[in-house]
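Colleague: Give me a 3D structure for the following:
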Amino acid sequence: MDLGTAILMGVLIGFLVLMMFLQTRNRRRMVDEQARMIDRLRPGMRVKTVAGVIGRIREIREENATLRTVLLETGHHDRVSFVLYDVQAIMAIMDEAMTNTPVVAAPEPTPEITEAPATDFDAATFVEKSNDGRKPRTKK
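Modeller: The predicted structure follows:
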């Protein structure tokens, strides 16, 4: 192996080691940031899960030494539901992300539709016309 090839191999190996070091450091920083966020969780905070569910923390439960869960209240007014998540599923604290966002009143509810809209579609006629025993045509 000549000198040029050895230098090139050394540079490539050094570049790979540098990339691995930077990725490890970034991952460690993200894990530390997630742990700090989980330590700040308190009942009453609005949070977003990794699944995209936004809710208010109702309570934080210490199931055992390794399992902590949060009970999220989702929905509003008379349509409230509760979902139990592992604390690791909390992606962001929405209260902190929305501190400069103005509060907007909820829109007026739309009136319920009591009758189905009239259409010219007749399901029985459609089935009879489309299922007459012939094979469907295919493009050649």
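Colleague: Can you mark which positions in stretch 31-50 are buried?
Modeller: The neighbour-count check on stretch 31-50 (16 or more other Cβ atoms under 10 Å) flags M37, M45, R46, V47, K48, T49 as buried. C-beta coordinates here come from the backbone N, C-alpha and C atoms, glycine included.
Colleague: Could you do stretch 72-80 as well?
Modeller: L72, E73.
Colleague: tell me the average confidence for it?
Modeller: Stretch 72-80 comes out with an average pLDDT of 87.
Colleague: In strands, which of the buried residues of stretch 31-50 appear?
Modeller: R46, V47, K48, T49 (DSSP state E).
Colleague: Identify the farthest-apart pair in those.
Modeller: Within these, R46 and T49 form the most distant pair, 11.4 Å apart (Cβ to Cβ).
Colleague: anything in contact with each of those two?
Modeller: Shared contacts of R46 and T49 (Cβ atoms under 8 Å, 6 or more residues apart in numbering): G55.
Colleague: list the helices and strands whichever strand or helix holds L84 packs on?
Modeller: Assessed by DSSP states H and E, L84 sits inside strand 79-86. Applying 3 or more Cβ pairs under 8 Å, 6 or more residues apart in numbering; DSSP states H and E, we find strand 79-86 packed against strand 68-76.
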